[in-house]
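Student: Got a sequence here, can you build the structure:
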Amino acid sequence: MHPELVLYNQMRSAIAACARIDEVAGLKNKAAQLEAYARIRDDEESKRAFAEVRLRACIRIGEISRDLETAQGARTELHPNDRKKLKADTLEEAGIPISTANDYEQLTGGREAQAQQIAQAATEAYLMSDSELSMGGLKSAVRQALVTAFGEPVHKEHPTSKREPDLLGQFLYSADLVYRRRDFDPALLAEKEMEEFAQDDLDACRYFIPLLEAFIKHLKERFSHVR
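Tutor: Have a look, this model is predicted:
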């Protein structure tokens, strides 16, 4: 058997057996490195194999993260906020941002058994397809399967507010935050970017830049005192 195929099988088995997030995170990072090496060598078979391992590791992280609060819930002496803090500390020690863990949890289908089964089936179908494997593609496949089964998720509105979202505030939030803090370091933030989200975030930034430029243009046209 080809050495890299042996390694692929070993890593898949190791991921399934992992019970700690830091262990899975290490396997995910190793798979990402092997995927990159295969890409450099134009080895499409190995690249796809290790891309699959990387995605399976992300899903396993989501499963462990999802179950952290439930498992810790047996410790009745802990307040719910303390259990959440333990989860946050566990993720931080493994180098996984909470927002990333939440994204990985969505890949598992959440806490309902039926949704988990649907997400798992959608995952296997996607990984067996002819599509180029990516985090964005996997997220889309799982989400579409869940929407087909349960319909679009219902977003509950705050009972005291029925207003439309403040689109202006949302649009300017990031720009205002950067302006006020004045310690924005693009290179440092790029270093913290997770590989599987890099393309999606880059596409979002490319889409946002012309919108921001158009907003600046129209502000200058409307208000003569702004420069």
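Student: Glu193 touches Asp201, doesn't it?
Tutor: Yes - at 6.6 Å, Glu193 and Asp201 qualify as touching, with contact defined as C-beta atoms under 8 Å. Glycine gets a C-beta too; all of them are placed from N, C-alpha and C.
Student: Now the residue positioned nearest the centre of the chain: which helix or strand?
Tutor: Residue closest to the mean C-alpha point of the chain, counted by C-alpha atoms, centre = their mean, is Asp103 at 3.7 Å. Using DSSP states H and E, Asp103 falls within helix 98-107.
Student: Report the angle between the helix or strand following that helix and helix 98-107.
Tutor: As assigned by DSSP H and E, the chain's next helix or strand after helix 98-107 is helix 113-128. Inter-element angle recorded for helix 113-128 and helix 98-107: 90 degrees (by axes from the mean of the first three to the mean of the last three C-alpha atoms, to 10 degrees).
Student: about what we covered before: got a pLDDT number for the residue nearest to the centre of the chain?
Tutor: Per-residue confidence (pLDDT) for Asp103: 93.
Student: From Glu213, how far off is it?
Tutor: Asp103 is 29 Å from Glu213, where distance means C-beta to C-beta, to the nearest Å.
Student: hang on, the earlier thing: only alpha carbons, please: show the helix holding Asp103 as PDB.
Tutor: The C-alpha trace of helix 98-107 is given here as PDB (Å, rounded to 0.1, in the frame of the first residue of the first chain):
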ATOM      1  CA  ILE A  98     -14.900  30.000  20.100                       C
ATOM      2  CA  SER A  99     -16.400  31.300  16.800                       C
ATOM      3  CA  THR A 100     -14.400  28.700  14.900                       C
ATOM      4  CA  ALA A 101     -15.600  25.900  17.300                       C
ATOM      5  CA  ASN A 102     -19.200  27.100  16.800                       C
ATOM      6  CA  ASP A 103     -18.700  26.800  13.000                       C
ATOM      7  CA  TYR A 104     -17.400  23.300  13.500                       C
ATOM      8  CA  GLU A 105     -20.400  22.400  15.700                       C
ATOM      9  CA  GLN A 106     -22.700  23.500  12.900                       C
ATOM     10  CA  LEU A 107     -21.100  20.800  10.700                       C
END
